[in-house]
Structures are given as C-alpha cells and as structure tokens.
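A.B. asks: Coordinates for the following, if possible.
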Amino acid sequence: MARTTGQTFVNLPIQDLDETMAFYRALGFEFNMDFSDEKAACLILNESTFLMLLTEPFFKTFTRKEVADFSAQTGNIISLTFSSKEEVDQIYEAAVSHGAEKAMEPQGDDFMYYLSFYDPNGHLFEIMTMHTPS
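C.D. replies: Just a heads-up that it's a prediction; the model follows:
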C-alpha cells in the first residue's frame, strides 16, 4: 500500500492574495509565513497538511494546462473535519459572512454532519464532523 511519509501540500490557484488571506484568517486559520510571499501563501490546516494558495500567474508556472474557471466549474472538493457540529457551524457562518457562497444544503445523520461553501476563488469546501457509531 502506498503511503506518503510526511506533509501534504494542496496547491490552489487564487485571484487576490490579500483578499484570500484575509478570508481564511477570518475563519481562524493561520499561515506559515516561511512559505509565503507576494505570489503565494501557505495556509496551515494541521501539523502535516497545508493549502498553498498560489496567485494564478504563479500557479500557471507549474502546469502546461489551462487553469480552470472555478466560478463556473468544480475541479475538486476539499473536505475538512472538525471536532464538533458547533465548530462546523461556527466556521461555516464565518465563511458566509466573509464572502463565501453557500453551496449544497446541510447534510447530516447520526454519523456525519457537514456544510459546504465556495471560497472567494470558487473552490468548494466541505466542512464536517464525524462520530463513530455506537
């Protein structure tokens, strides 16, 4: 079975670095400034997982393909887990109040609860909590 040995970095193209950083700071996230500059910001998800928010011109240097128009297309869904339904609700409300677009209707059962939104760059996020069934 293949397994990585350390950290995971997910690279996302963005339009406006300052606006994007302000949005994620408003949700309570922090950045690793050692891996951030005027072209990119390293958003810390946890001790081993990071989102590299790359300005579109910089992102284009890593691919030969066109960058998708995330205002019209979904290229991925980023799912993040949190410890409680209340934390999911809190982050969702902060996201929407800071410019995120509501995505799907809330989903939930005894095992999982999640909400979803499009960030200011059109990337789809699911924020969820999961509990082991008894």
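A.B. asks: Tell me which strands the helix or strand where residue 78 lies pairs with, and in which orientation.
C.D. replies: Assigning secondary structure by DSSP states H and E places residue 78 in strand 77-81. Note on strand 77-81: by DSSP bridges, its sheet partners are strand 124-130 (parallel).
A.B. asks: What are the buried residues along the strand it pairs with?
C.D. replies: Buried residues in strand 124-130, counting neighbours by 16 or more other C-beta atoms under 10 Å, are found at 124, 125, 126, 127, 128, 129. To be clear about C-beta, it is placed using only N, CA and C from the backbone, and glycine gets the same treatment.
A.B. asks: lowest confidence element among the helices and strands of this structure?
C.D. replies: For the chain, scoring each helix and strand by mean pLDDT, DSSP states H and E identifies strand 107-108 as the least confident one, at a mean of 86.
A.B. asks: Tell me where this structure has strands.
C.D. replies: Here the chain has its strands, by DSSP state E, at 8-14, 30-32, 40-46, 49-55, 77-81, 101-102, 107-108, 112-118, 124-130.
A.B. asks: Can I get the top helix by length along the chain as PDB, trimmed to CA atoms?
C.D. replies: Identified as the longest helix of the chain according to DSSP state H is helix 85-97. Written as PDB, here are the backbone C-alpha positions of helix 85-97 (Å, rounded to 0.1, in the frame of the first residue of the first chain):
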ATOM      1  CA  LYS A  85     -21.100  20.300  14.900                       C
ATOM      2  CA  GLU A  86     -20.900  23.600  16.700                       C
ATOM      3  CA  GLU A  87     -17.400  24.200  15.300                       C
ATOM      4  CA  VAL A  88     -18.600  23.300  11.800                       C
ATOM      5  CA  ASP A  89     -21.500  25.800  12.200                       C
ATOM      6  CA  GLN A  90     -19.200  28.500  13.500                       C
ATOM      7  CA  ILE A  91     -16.700  28.200  10.700                       C
ATOM      8  CA  TYR A  92     -19.500  28.000   8.100                       C
ATOM      9  CA  GLU A  93     -21.100  31.100   9.400                       C
ATOM     10  CA  ALA A  94     -17.800  33.000   9.400                       C
ATOM     11  CA  ALA A  95     -17.100  31.900   5.800                       C
ATOM     12  CA  VAL A  96     -20.500  33.100   4.600                       C
ATOM     13  CA  SER A  97     -20.300  36.300   6.500                       C
END
